[in-house]
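Enquirer: The following comprises the amino acid sequence and a computationally predicted model.
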Amino acid sequence: MTKIDFKKELKDLYSGVSAKEFSIVDVPPLNFLMIDGHGYPDTSQEYQDAMMTLYPLSYTLKFMAKKIGKDYVVMPLEGLWWAKDMGVFTEAFMERKDEWLWTSMIMQPDFITPEMVDKAIEDMKKKKTPPALSKVRFETFTEGLSAQILYFGSYSEEGPTIKRMHNFIKDQGHKLVGKHHEIYLSDPRRTKPERLKTIIRQPIK
């Protein structure tokens, strides 16, 4: 059985993003497990609960898929971030972190069905129920035209890069739409802050 790595299958969106310059891509509709919450990840219990739910559920679905002859690498954690005042993500990136709103999510292959997700949730309830299982939703996320870059460094120092991206978007004659999007390619528990790899993406029109 061949194991599919969707980071390579979707190279322009995950494994082949430039760290040297901003690029514009057209992101197709993709399916995700999602959980909403608010607050700064390091201090938000909601965020920790989301992590303790999304990963086990994603691996449960992976093992279910293997039984029908499909094997794949579980995709990285992603996050949509926003605030009532979007200036929070540029001028006051860390000073107003408690105002952050977020959706944490993990992309699922197109052969994962709503019925499989429902069954995985029911199976998990019979064991030790993850803390945010009742908050999970399975949805198609349509992002479309977006600017992106691969960022190396601490999450807390992303502000200047985000501001440069916003300026790039405006210089190209586009407008910002939708929510700030991050894709976490590194495990922060095992990676030094300066070596963390994050794709930063912003939908545009």
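Expert: Thanks, I have it.

Enquirer: use CA for all of it now, contacts and neighbours both
Expert: OK.

Enquirer: Looking at this structure, which helix is longest?
Expert: What stands out as the longest helix in the chain, according to DSSP state H, is helix 45-66.

Enquirer: Averaged pLDDT, it. What do you get?
Expert: Mean pLDDT, computed over helix 45-66, is 97.

Enquirer: can you list contacts of that helix?
Expert: 33-35, 37-41, 71-72, 74, 104-106, 108, 112, 116-117, 120-121, 124, 130-133, 136 (C-alpha atoms under 8 Å, 6 or more residues apart in numbering).

Enquirer: can you check stretch 131-149 too?
Expert: Under the criterion C-alpha under 8 Å, 6+ apart, residues 17-36, 46, 49-50, 52-54, 114, 117, 121, 165, 169, 178, 199-205 lie in contact with stretch 131-149.

Enquirer: give me that answer again for 6 Å
Expert: 18-19, 22-27, 29-35, 49-50, 53, 199-204 (C-alpha atoms under 6 Å, 6 or more residues apart in numbering).

Enquirer: same thing with stretch 172-185?
Expert: 77-82, 197-205.

Enquirer: And for residue 193, the neighbour number?
Expert: 16 (other C-alpha atoms under 10 Å).

Enquirer: wait, what's in contact with the spatially most central residue of the chain?
Expert: Centroid check for the chain by C-alpha atoms, centre = their mean gives residue 78 as the closest residue, at 1.1 Å. Neighbouring residues of residue 78 by C-alpha under 6 Å, 6+ apart: 104, 105, 106, 182, 183, 184.

Enquirer: quick one: the nearest residue to the first one once chain neighbours are set aside from residue 202, how far?
Expert: So that's residue 104. In space, residue 104 comes closest to residue 79 once its chain neighbours are excluded; the distance is 4.5 Å by C-alpha to C-alpha, 6 or more residues apart in numbering. Distance of residue 79 to residue 202, computed by C-alpha to C-alpha, to the nearest Å: 12 Å.

Enquirer: Neighbour count for these two, which is higher?
Expert: Ranked by neighbour count (other C-alpha under 10 Å), residue 79 and residue 202 place residue 202 first, with 25 against 20.

Enquirer: which SS class is that one?
Expert: strand (DSSP: H, G, I helix; E, B strand; the rest coil).

Enquirer: Can you check what pLDDT the model gives residue 98?
Expert: So residue 98 comes in at 77 (pLDDT).

Enquirer: number of nearby residues for the residue nearest to it when sequence neighbours are not counted?
Expert: Distances taken as C-alpha to C-alpha, 6+ apart place residue 39 nearest to residue 98, at 4.6 Å, with adjacent residues excluded. Under the neighbour criterion other C-alpha under 10 Å, residue 39 is assigned a count of 17.

Enquirer: Verify the stated contact: residue 39 with residue 100.
Expert: Yes. Residue 39 lies in contact with residue 100 (C-alpha atoms under 6 Å); the separation is 5.1 Å.

Enquirer: Correct me if wrong: residue 102 contacts residue 84.
Expert: No. The criterion here is C-alpha under 6 Å, and residue 102 misses it with residue 84 at 11.7 Å.
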